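Asks: Pasted the sequence and its predicted model underneath.
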There are 2 protein chains.
Amino acid sequence: MPDVEDAVRSVRRDSRRRQVLDAAVAVMQRTGYHEMSMQALAGEAGVSVGLLYKYFGGKEEILLAAVLDILDSFGDQLAPAMEEAGDDPVERLAAGFRRYVEIIDLDRDAVLLTYRESRTLSPAGRERIKQLEVATAAPLRAALADGVDRGLMRALDPDLVVYDLMLLAHGWALKDWHFAPIYTVEAFVRAQIALMLSGIVAPAHRRRYRHLLEP
Amino acid sequence: MPDVEDAVRSVRRDSRRRQVLDAAVAVMQRTGYHEMSMQALAGEAGVSVGLLYKYFGGKEEILLAAVLDILDSFGDQLAPAMEEAGDDPVERLAAGFRRYVEIIDLDRDAVLLTYRESRTLSPAGRERIKQLEVATAAPLRAALADGVDRGLMRALDPDLVVYDLMLLAHGWALKDWHFAPIYTVEAFVRAQIALMLSGIVAPAHRRRYRHLLEP
DNA sequence: GGCGGGAGTGAATGATCGTTCACTGCAGCT
DNA sequence: AGCTGCAGTGAACGATCATTCACTCCCGCC
């Protein structure tokens, strides 16, 4: 049964790759992409330098893989959280934003990494990052479009608001030296939701969402 | 009169430094800090490599000086624009935000630079960057605090909102691949002001600011 | 006209680092 | 026991680059 052997090989390959990527993220959070030598990465990952080149094409490919890995792990998390919030677009939007900030909070440095090191990537790599970001934001965008359609939200441009929300969520990582001393994650999320929703929810429906609009 | 000679020397020194910093910003926008060799920088600036070390302590000092230079040029621009808007805190806030986005638009790459390369700076350098950012934001913060005090704005935390506004303004540079295809600067500013102010202005005073609240 | 010294030069240096490749060890097969 | 090929190793190579320094040039002054 050669299939079994292939499967075993494939699993081993994946776990080795993850081992290297985890080490890469760790080293890069400590210093940065350019400061990370392949020798240091090999040491952190507990493998030899040569092996890195068996699993990756080179240093930049490791950076791309690491960043995509991070963004991928963000991707599928919003939809489930929004599902739990039920059918109401405003509730869904709030739940999605909350989850997004919570994910970011778990790994603030990873978000910083994507902002800091994107430029060093090839244009093709940057393109994939953008697409992943759009894909992650899609559920939020859908909730916005739905809310506008149903008249629960003012006639805003979902494409504007969804990126505003992404920026504010990223802000929890980008400006954590400003926010972290004065807010907990929970308080930050509540305050941002209250602020943004009062600009988003249609005046006629404000009372219905009082629990979200009061910080 | 030795004072005159000293003054001449000082002016020449400043202009040389600016010449180098301008070249540095240009090269770094094209590639990035780590990709910029001192040889390439010297070529771009039209001076020899050795001269760079007469005017700066080293490569990192050039990076710090370049970033501080950029942020400094942002610093003094908000207050005058807000002065022109009169005494009303809401009008002042809108005018300040508008000016901030306009400055950023003039040099989007410079903003990107500050986000990308901050980490490579020493902690002391990063500290100075944060302080400059706080100083730049101070007039906006003051308008917010004033508006809350006078009851024209809802009882929000100025420290939260002011950084939200900064983040959204930076977003024009950070996410220009998203915003630029669908918005002009003018449209972007109007839409953001309309969105944020409807979350900020106290309900009782909404009518007074209709010209800002309608995109 | 010679001199002091500040401004400017750029080849040489030494260290770092990404990448390569000749090698070892070992698991499974005959 | 011998063979095959895959996983893994790490010293060596070549290129790059920040930094230095011995040098030139020239201006203003005695």
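Replies: Noted; the coordinates are in hand.
Asks: where's the most centrally placed residue in chain A relative to DNA strand D, distance?
Replies: Among the residues of chain A, the one closest to the centroid is A:Phe74, at 4.1 Å (C-alpha atoms, centre = their mean). A:Phe74 sits 29 Å away from DNA strand D, taking C-beta to the nearest atom of the strand, to the nearest Å as the criterion. Every residue, glycine included, has its C-beta placed from N, CA and C.
Asks: cool, and A:Ala204?
Replies: On the measure of C-beta to the nearest atom of the strand, A:Ala204 and DNA strand D end up 60 Å apart.
Asks: number of nearby residues for that residue?
Replies: Residue neighbour count, defined by other C-beta atoms under 10 Å in any protein chain shown, stands at 10 for A:Ala204.
Asks: try the one 5 residues further on
Replies: When neighbours are counted by other C-beta under 10 Å, A:Tyr209 registers 20.
Asks: list the contacts for it?
Replies: A:Val90, A:Glu91, A:Leu197, A:Val201 (C-beta atoms under 8 Å, 6 or more residues apart in numbering or on different chains).
Asks: so who does the third one touch?
Replies: The one in question is A:Leu197. A:Val90, A:Leu93, A:Ala94, A:Tyr209, A:Leu212, A:Leu213, B:Gly199.
Asks: Would you check how far apart the residue lying closest to A:Ser198 once chain neighbours are set aside and B:Ala137 are?
Replies: Leaving aside its sequence neighbours, A:Ser198 sits nearest to B:Gly199 (C-beta to C-beta, 6 or more residues apart in numbering or on different chains; 4.2 Å). To B:Ala137, B:Gly199 is 18 Å away according to C-beta to C-beta, to the nearest Å.
Asks: tell me the SS of the residue of chain A found nearest chain B?
Replies: Here chain A gets closest to chain B at one residue, A:Gly199, 3.7 Å apart by C-beta to the nearest C-beta. Secondary structure, DSSP: H, G, I helix; E, B strand; the rest coil: A:Gly199 is helix.
Asks: The one 10 residues further on now?
Replies: For A:Tyr209, the secondary-structure state derived from three-state DSSP is helix.
Asks: what's the domain layout of chain A?
Replies: Domain assignment for chain A by automatic domain parsing gives A:2-57, A:68-213.
Asks: Could you dump those domains into JSON lines with mean pLDDT added?
Replies: JSON lines is the format used below for the domains of chain A (pLDDT from 0 to 100):
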{"stretch": "domain A:2-57", "mean pLDDT": "88"}
{"stretch": "domain A:68-213", "mean pLDDT": "96"}
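Asks: DNA strand C is nearest to which of those?
Replies: domain A:2-57 (3.3 Å; C-beta to the nearest atom of the strand).
Asks: What residues does chain A have near DNA strand D?
Replies: A:Arg9, A:Arg12, A:Arg13, A:Arg16, A:Val47, A:Ser48, A:Val49, A:Gly50, A:Leu51, A:Tyr53, A:Lys54 (C-beta under 7 Å from any atom of the strand).
Asks: buried subset of those?
Replies: A:Arg16, A:Val47 (16 or more other C-beta atoms under 10 Å in any protein chain shown).
Asks: Need the max-distance pair from the residues of chain A next to DNA strand D.
Replies: A:Arg9 and A:Val49 (22.3 Å; C-beta to C-beta).
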